[in-house]
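Engineer: I'll drop the sequence and a predicted model, then ask my questions.
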Amino acid sequence: MNRLTHFRQPLLFLTGLTALLIVIGPTAASDGPTDWQRVDAIVAQVDQQFEQTWRENQVTPSEPARPSEFLRRVWLDVAGRIPQVSVTREFLAASDGSAAEARQARRDMIERLLDRPTYVTHFAEFWQAALIPEATSEPQLRQLRPAFEAWLREQLRTEVAYDELVRSLITAPIDNLEGNPRAQEASPGIFFRVKQLNPANLAAATSRVFLGVRLECAQCHNHPFDTWKQEQFWSLAAFYSGVKGDNAFAMVNEVTNRRRIQILDSGRFVEAAFLPTGKAESDTPAKQAVPREELAAWVTADENPWFAKMAVNRLWGMFFGRGFVDPVDDFSANNPPSHPKVLDLLAREFIASGYDLKFLIRVITSTRAYQLSSRQTSPGQLPPEMFARASVRGLTPRQVFNSLSAAMGTFEPFTVPGQFNDQPAEQEFLDLFSNDADSPLERPTTILQALSLMNGDLIGQGTDLEQSRTLRAIIDYPLMTRDQKIETLYLAALVRRPTESEAQRLAAYADSLPAEEESRALADIYWTLLNSSEFLFNH
């Protein structure tokens, strides 16, 4: 019987493992020392600032997120997918105790996620999208991604400090490509090639990606809406003036000591100079170091007023759907932060931590704002910049694919960078669900995406009685009743148990079919859960 006619009652906003739901145990958290007392102290200050803002604006924040809501959200945000059933059962049980025990369960889960390989793979993709978005949007450059992603994974795996990562990137040697670009070793130099080995492109990317300064509008003339001058743009580009190449795949012979460049369509030359920060001692290059090394030192300096704030804003935007400054890379006098005190506080503490990305993630995911429910209970909660409730966010294509794979029992936690290019079905899925929206709060969906989820091969295999590992494990497990099997399907797909009304409705549906059709009923229920809006959004 056609599944579309067999069971199509909508489960509105339901909330999305592996088939080995009972056998696979949780991964142990890291034994390494973590200063949670310091994290707690910073979180208390952040919470206090938000509470003051909510009082001043007469806003009542939403209620705290339920354990299942928090679990699904933090897994999607830190691991890039939903958890397996065994993890969900254990976490829900640990959250059933006292408030202190529930709080400790959340802390332990954050620590466990940061210690998993999925943190490395998920955040490597996150930083890759931020640093070289062209390699995703332009098919010709896609073959350069594996080498860059491999380098990012190694930085994250070894917990390289963010400022060191950026310095390594700006000063990276630009290796010449030989043979197949995809076969190149891990290399940060891909950053330069994706920017077409062009000093102007590199200057625009450096200022925007690492400082949140959109300087590119000053390339041809003074910035029409900001204070930046054309000469300032080209003075920054002069640090890259020794980099020359006709295209992303050209041979490169860099002149490492060159620090002078001609302004576009003019006969004027300018010397390398930093952007004015208002701190005179840091605005003029010392003209002693190699230009790119000098630029890297200035960009990543603790005194740079933009560097730490930009990193904090980007990560906050990743976890909340929007940053304090929105868009996340548009710091300007005309676009002030919504919560400047919180941004300043987190930037200071990020610097004090030694630019520790995991430390910053611990703080963000422990705040009250992050752990609020997405359910709106007051009109004042609606503006996303108030952070008075969790915003509903569209999943990235990779989060959708990985969560479907996890729910179906086929997820591979540590793939080879770029390997998906050799798997046409997976790449086709990722391309179908790609979007150009800057904000995850505004990601559109399409009819083709809906049809792919309803009738595509991936969903078909995942809900097929013979091919689905999850379904087979649940259906064949002899110690569960039918109602327990339905509950397990919910845990596998939506990371929560069904409500009483949902359980009654689904039991009635199963009762309406002949006893020999119970397996088919469970398959239809699972198909419906995987196609629900609750599965496709982070909330």
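Structural biologist: Good, I have the coordinates.
Engineer: what's the neighbour count on D108?
Structural biologist: 14 (other C-beta atoms under 10 Å). C-beta: built from backbone N, CA, C; applies to glycine.
Engineer: can you give me the strands for this protein?
Structural biologist: Under the criterion DSSP state E, the chain contains strands at 260-262, 269-271, 393-394, 537-538.
Engineer: show me where the stretch 251-400 of the chain has helices.
Structural biologist: Per DSSP state H, counting those that start in this stretch, the stretch 251-400 of the chain carries helices over the ranges 291-299, 307-320, 340-352, 357-366, 397-407.
Engineer: quick one: these as JSON lines, columns for mean neighbour count, distance to A44 and mean pLDDT too.
Structural biologist: Listed next are the helices of the stretch 251-400 of the chain as JSON lines, based on neighbours: other C-beta atoms under 10 Å; distance: least, C-beta to C-beta, whole Å; pLDDT from 0 to 100:
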{"stretch": "helix 291-299", "mean neighbour count": "22", "distance to A44": "32", "mean pLDDT": "97"}
{"stretch": "helix 307-320", "mean neighbour count": "23", "distance to A44": "17", "mean pLDDT": "98"}
{"stretch": "helix 340-352", "mean neighbour count": "19", "distance to A44": "11", "mean pLDDT": "98"}
{"stretch": "helix 357-366", "mean neighbour count": "22", "distance to A44": "10", "mean pLDDT": "98"}
{"stretch": "helix 397-407", "mean neighbour count": "24", "distance to A44": "31", "mean pLDDT": "91"}
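Engineer: F320 is in contact with Y370, correct?
Structural biologist: Yes: Y370 is in contact with F320 according to C-beta atoms under 8 Å; the separation is 7.2 Å.
Engineer: what's the overlap in contacts for the two?
Structural biologist: Both Y370 and F320 are contacted by A390, under the criterion C-beta atoms under 8 Å, 6 or more residues apart in numbering.
Engineer: export the helices of the stretch 251-400 of the chain as TSV, with columns for distance to W228.
Structural biologist: Output for the helices of the stretch 251-400 of the chain, formatted as TSV (distance: least, C-beta to C-beta, whole Å):
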stretch	distance to W228
helix 291-299	16
helix 307-320	16
helix 340-352	21
helix 357-366	28
helix 397-407	34
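Engineer: quick check: closest non-adjacent residue to V400.
Structural biologist: Excluding the flanking residues, the one nearest V400 by C-beta to C-beta, 6 or more residues apart in numbering is F433, at 5.6 Å.
Engineer: contacting residues for the one you found?
Structural biologist: Contact analysis of F433 by C-beta under 8 Å, 6+ apart lists P397, V400, F401, Q449, S452.
Engineer: D302 is nearest to which of the strands of the chain?
Structural biologist: Nearest to D302 among the strands of the chain is strand 269-271; the distance by C-beta to C-beta comes to 25.4 Å.
Engineer: mind listing what's buried in that closest one?
Structural biologist: Buried positions in strand 269-271, judged by neighbour count with 16 or more other C-beta atoms under 10 Å: V270.
Engineer: I'd like to know how far the spatially closest residue to M310 that is not a sequence neighbour sits from T227.
Structural biologist: Ranked by C-beta to C-beta, 6+ apart and with sequence neighbours excluded, the top spatial neighbour of M310 is G212, at 4.0 Å. The gap separating G212 from T227 is 15 Å, by C-beta to C-beta, to the nearest Å.
Engineer: which one's more surrounded, those two?
Structural biologist: G212 (23 against 12).
Engineer: show me what contacts the more buried one?
Structural biologist: Applying C-beta under 8 Å, 6+ apart to G212 gives the contacts W306, K309, M310, N313, V325, V328, D329, D330, F331.
Engineer: try it again with 6 Å
Structural biologist: By C-beta atoms under 6 Å, 6 or more residues apart in numbering, the residues touching G212 are W306, M310, D329, F331.
Engineer: check Q143 too.
Structural biologist: For Q143, the contacting residues are P181, R182, by C-beta under 6 Å, 6+ apart.
Engineer: and the residue nearest the centre of this structure?
Structural biologist: Centroid-nearest residue in the chain: F126, 4.7 Å away (criterion: C-alpha atoms, centre = their mean).
Engineer: residues contacting it?
Structural biologist: By C-beta under 6 Å, 6+ apart, F126 has no neighbours at all.
Engineer: rerun that using 7 Å as the cut-off
Structural biologist: M318 (C-beta atoms under 7 Å, 6 or more residues apart in numbering).
Engineer: so how far is F126 from the residue nearest to V400?
Structural biologist: 16 Å.
Engineer: and what of V252?
Structural biologist: From V252 across to F126, the span is 28 Å (C-beta to C-beta).
Engineer: and what of S168?
Structural biologist: Per C-beta to C-beta, S168 is found 18 Å from F126.
Engineer: packing partners of the lengthiest helix in the chain?
Structural biologist: Taking DSSP state H as the criterion, the chain has its longest helix at helix 36-56. For helix 36-56, the elements it packs on are helix 340-352, helix 357-366, judged by 3 or more C-beta pairs under 7 Å, 6 or more residues apart in numbering; DSSP states H and E.
Engineer: show me what counts as buried in it.
Structural biologist: Within helix 36-56, the residues that count as buried by 16+ other C-beta under 10 Å are V39, I42, V43, Q45, V46, D47, Q49, F50, T53, W54.
Engineer: so what's the residue count around the nearest residue to W75 once chain neighbours are set aside?
Structural biologist: Excluding the flanking residues, the one nearest W75 by C-beta to C-beta, 6+ apart is P83, at 4.7 Å. Counted with other C-beta under 10 Å, residues neighbouring P83 total 27.
Engineer: V74 is in contact with P83, correct?
Structural biologist: No: assessed by C-beta atoms under 7 Å, P83 is found out of contact with V74, at 9.2 Å.
Engineer: can you check the pLDDT for the nearest residue to G456 once chain neighbours are set aside?
Structural biologist: Distances taken as C-beta to C-beta, 6+ apart place F429 nearest to G456, at 7.7 Å, with adjacent residues excluded. Here, the pLDDT recorded for F429 equals 75.
Engineer: chain center to stretch 238-249, what's the gap?
Structural biologist: Chain-centre distance of stretch 238-249: 30 Å, with C-alpha atoms, centre = their mean, to the nearest Å.
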